[in-house]
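# no sequence for this one, just the structure:
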Ligand code: WT7
């Protein structure tokens, strides 16, 4: 039977959406509220999933378009989120409507009528509590390299910030921003190191209703410029230098390079500079010294009253085509989900020390270094360095020193650290650890086992959470305290999340991960709502399309199988292959470039570039380095190709499209599995590329 016919024989279409996770919702709601779930999921018959056309015995959940339908929003998830929002967020004014959606027009809204401010009260800065909140990295790594002994004394040791100090600093910085003319709705670019000042800056923006756009301080001047321009930022906050892994990174210089274009220089009226290292010449003419300016301000700033749907921040991420997308997150929906997930997914309990070592340049840093932990009054740690400096014991030394209870990192870091001797881990006391988190890419079973057995001594929960910049918070994650974790799978939806695995064609083997409504979804792409609507809501009407493939196993657990578009994930950094290709074309000698991801044992995916040089262009010993430099200049170090294969030709369809599918297989050494190449206009190109590939490896 085809999927279509077996699906049509199922008792009710909506039952197909979620039979596999009904149980978790129920026990979860009991856990959190002592109440029962009354939604679509319990009212449906336990329908067997339709058998799949791909012939798997326990087929993935597949829906034919004619069964897409809107869920009943009067109960279930909406009810759950409404309760959570009232429980975890401090409102100046309660909301009157939990949610309203018109996804055909890309309209997503939650908690309508509510008024709040993310920087206030239990929303990130209880002014009267003296809970140490921000524990930045050990500044001692600075002294080894600092010629300035006075600075050394000032910075040696660990800085701790109490909630009351956080509150005062946020207010002072907010007053500095106001003085610089920043108003509600204005965008402010943050290009900063991981110190408390970046947290002050984010919350200061939130306090006055400005929208922060954090750009990871590893991006190049060109990337920074395009993000400043796209967002229309009139103010940039940066530091003289960043310090990472014992190296100094000249942030102010990069900002200067970014502003060195007419458009950008005209747009940006103010550059605020945090003196991080105090390097001579760190500030330029016209700059405002951030720390000095804050010292002159009073430690109180009236918070702006914001409606739920007003934006809290924007954050750029890569799509498969074109410019990076500036995703805009809402105030109330995002805050609610960040707060609830920080508690429930990572089992945060009052008094715990929570450490997410992500940089705030990524969504993980927004949700689990800043907004989630601070909304819950937690102690959160800021990590400024790299996991291998001064040696591979860095994380575990921190765990011992601070008594960390929840530790959250990336698969890439785990794979890198497991290459070194276990003693780097075992010589430190890790008995405080309860939960070990991972996100950003699949946590492959080998890495999962090392994390579990060596780091967690076999007794901690490994929480592999699947989510995206767009979703703001995890959609899938195993439940703490259950013993059914499966290495490599994020497994099951979080409470209030309704995933669906959909295909647009019953014969298609590619199944896409989609998600039904939830509060922390990004609301738009800055300046391009049309792109937002069509990319995310236009593929499967009514559902948010993630861009990932997925499958469901015999137990009903979900596995993410990777991107189904031209996006690659290198060390947990998301990049469009098109961006890297156009960076390569910036090198004048390149005629054509095709970039694909390939399996890399530490990075997850490496960057493999096939490059055709222009006629007359000679390959020299420097060619590869020049091409890499072009990518570093235009995007940043994280996008630099691991392998560059200069090739005379690329496989193309008759209509002239590069067949990346074939290039991906070759890069992964899967020569025997190329599929049909007879439809190519130049099948001989494939043989030549394979021969060269073999020669490289
Ligand atoms: C893409 C999103 C997690 C937030 C930071 C990255 C991949 C993310 C997992 C996971 C398998 C994962 C997906 C997703 N991804 N987490 N646990 N298992 N894949 O956010 O930069 O927006 O990247 O990362 O492909 O689409 P992002």
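Arrived safely. It should be emphasised that the depicted structure is a prediction, and the values quoted were computed from it without experimental measurement.
# rest of the way, CA atoms for contacts and neighbours
Fine.
# please work out the average pLDDT along the one helix or strand residue 446 maps to.
Here residue 446 sits within helix 445-450, counting by DSSP states H and E. Regarding helix 445-450, the rounded mean pLDDT is 96.
# that helix packs against which elements?
Applying 3 or more C-alpha pairs under 8 Å, 6 or more residues apart in numbering; DSSP states H and E, we find helix 445-450 packed against helix 411-417.
# touching the ligand at all, the helix it packs on?
No: Helix 411-417 lies out of reach of the ligand by C-alpha under 6 Å from any ligand atom, never closer than 8.8 Å.
# what lies in contact with that helix?
Helix 411-417 is contacted by residues 387-388, 392, 438-444, 447, 451, 571-572, 601-604 when judged by C-alpha atoms under 8 Å, 6 or more residues apart in numbering.
# again, only using 10 Å
Helix 411-417 has contacts (C-alpha atoms under 10 Å, 6 or more residues apart in numbering) with 386-388, 391-393, 395, 424-425, 437-444, 446-448, 450-451, 455, 464, 570-573, 600-605.
# flag every residue of the protein that's near the ligand.
363-364, 439-442, 464-469, 490, 548, 560, 562-563, 573-574.
# how many neighbours does residue 674 have?
Residue 674 is flanked by 14 other residues according to other C-alpha atoms under 10 Å.
# and it, what does it touch?
661-666, 686.
# what do you get if the cut-off is 7 Å, keeping everything else the same?
Residue 674 makes contacts with 662, 665, as judged by C-alpha atoms under 7 Å, 6 or more residues apart in numbering.
# now it. Its backbone dihedrals?
For residue 674, the backbone dihedrals (degrees, to the nearest 10) come out as phi -80, psi -10.
# what's whichever helix or strand comes after the helix holding residue 446 packed up against?
Next in sequence after helix 445-450, counting helices and strands by DSSP H and E, comes strand 461-465. When contacts are defined as 3 or more C-alpha pairs under 7 Å, 6 or more residues apart in numbering; DSSP states H and E, strand 461-465 packs onto strand 435-439.
# any idea of the mean pLDDT for the strand it packs on?
Per-residue scores along strand 435-439 average to 97.
# repeat for stretch 463-481
pLDDT averaged over stretch 463-481 gives 96.
# now stretch 630-649
On average, stretch 630-649 scores 95.
# sorry, back to before: any quick PyMOL command for the buried ones out of the contacts of helix 411-417?
Buried residues among those (16 or more other C-alpha atoms under 10 Å), as a PyMOL selection:
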select buried, resi 386+387+392+393+395+424+425+437+438+439+440+441+442+443+447+448+450+451+455+464+570+571+572+573+602+603+604+605
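# report the buried residues of stretch 292-308.
Neighbour-count burial for stretch 292-308, counted by 16+ other C-alpha under 10 Å, picks out 293-294, 297, 299, 301, 303-308.
# same check on stretch 234-248?
234-244, 246, 248.
# those residues in strands, which ones?
When DSSP state E is applied, the buried residues of stretch 234-248 are split such that 235-239, 242-244, 248 fall in strands.
# residue 99 against residue 110, yeah?
Yes: with contact defined as C-alpha atoms under 7 Å, residue 99 reaches residue 110; the gap is 4.2 Å.
# is residue 176 in a helix, a strand, or coil?
The three-state label given to residue 176 by DSSP: H, G, I helix; E, B strand; the rest coil is helix.
# how deep is it tucked in, by neighbour count?
So residue 176, with other C-alpha under 10 Å, has 23 neighbours.
# before we move on, what about the one 3 residues further on?
With neighbours defined by other C-alpha under 10 Å, the count for residue 179 comes to 12.
# what about residue 333, neighbour count?
Residue 333, neighbours per other C-alpha under 10 Å, totals 29.
# so it touches residue 520, yeah?
Yes: if you go by C-alpha under 7 Å, residue 333 and residue 520 touch, sitting 4.8 Å apart.
# that's a helix at residue 560, yeah?
No: counting by three-state DSSP, residue 560 is not part of a helix but strand.
# what's the spacing between the most far-flung residue of the chain relative to its centre and the ligand?
What lies farthest from the middle of the chain is residue 616; by C-alpha atoms, centre = their mean that is 42.5 Å. Between residue 616 and the ligand the computed distance is 39 Å (C-alpha to the nearest ligand atom, to the nearest Å).
# over to residue 659?
Residue 659 is 21 Å from the ligand, by C-alpha to the nearest ligand atom.
# now swap in residue 336 and tell me
Using C-alpha to the nearest ligand atom, we find residue 336 at a distance of 17 Å from the ligand.
# swap in residue 580?
In terms of C-alpha to the nearest ligand atom, residue 580 sits 16 Å off from the ligand.
# so what's that residue scoring on pLDDT?
95.
# wait, what's in contact with it?
595, 631, 639.
# 8 Å instead, please
Each residue near residue 580 by C-alpha under 8 Å, 6+ apart is listed here: 595, 631, 635, 639.
# and these, which is closest to residue 94?
residue 635 (43.6 Å; C-alpha to C-alpha).
# so how far is residue 580 from that closest one?
Separation of residue 635 from residue 580 (C-alpha to C-alpha, to the nearest Å): 8 Å.
# any weak-confidence spans in the protein?
By pLDDT under 70, the weakly predicted segments of the chain are 1-75, 121-158, 504-509.
# and if we set it to 80?
Filtered on pLDDT under 80, the chain yields the residue ranges 1-76, 121-159, 321-322, 483, 504-510, 697.
# nearest spatial neighbour of residue 481, chain-adjacent residues omitted?
The shortest distance from residue 481 to any non-neighbouring residue, by C-alpha to C-alpha, 6 or more residues apart in numbering, is to residue 461 (6.9 Å).
# what's the neighbour count on that neighbour?
Residue 461 - counted by other C-alpha under 10 Å - has 24 other residues nearby.
# please name the residues that touch it.
434-436, 452, 480-481.
# between the residues you listed, which has the most around it?
Counting neighbours by other C-alpha under 10 Å, the top entry in the contacts of residue 461 is residue 435, with 25 neighbours.
# rewinding a little: out of the contacts of residue 580, which is nearest to the ligand?
Distance ranking of the contacts of residue 580 against the ligand, using C-alpha to the nearest ligand atom, places residue 639 first at 13.3 Å.
# isn't that closest one up against residue 577?
No: checked against C-alpha atoms under 8 Å, the pair residue 639 and residue 577 is beyond contact range at 9.4 Å.
# between the two, who's got more neighbours?
residue 577 (27 against 24).
# residues contacting that one?
Applying C-alpha under 8 Å, 6+ apart to residue 577 gives the contacts 320, 566-568, 594-596.
# hmm, 7 Å instead?
Contact analysis of residue 577 by C-alpha under 7 Å, 6+ apart lists 320, 566-568, 595-596.
# ok so, going back, out of the buried residues of stretch 234-248, flag the one nearest to the ligand.
The ligand lies nearest to residue 244 out of those, by C-alpha to the nearest ligand atom, at 20.7 Å.
# what pairs with the closest one across the strands?
Beta-bridge pairing of residue 244 under DSSP bridges involves residue 247.
# contact partners for it?
384-386.
# give the contact list for residue 276.
Residue 276 neighbours (C-alpha under 7 Å, 6+ apart): 239-242.
# the same query, at a cut-off of 10 Å, please.
151, 155, 192-193, 195, 197, 238-243, 282, 291.
# so which of those is the closest to residue 342?
When the contacts of residue 276 are compared for distance to residue 342 (C-alpha to C-alpha), residue 195 wins out at 21.1 Å.
# give the residues shared as contacts by residue 99 and residue 110.
Common neighbours of residue 99 and residue 110 (C-alpha under 10 Å, 6+ apart) are 78, 81-82, 333, 517-519.
# a markdown table for these, including distance to residue 178 and secondary structure?
Formatted as a markdown table, those follow (distance: C-alpha to C-alpha, whole Å; DSSP: H, G, I helix; E, B strand; the rest coil):
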| residue | distance to residue 178 | secondary structure |
| --- | --- | --- |
| 78 | 37 | helix |
| 81 | 34 | helix |
| 82 | 33 | helix |
| 333 | 26 | helix |
| 517 | 36 | coil |
| 518 | 33 | coil |
| 519 | 30 | coil |
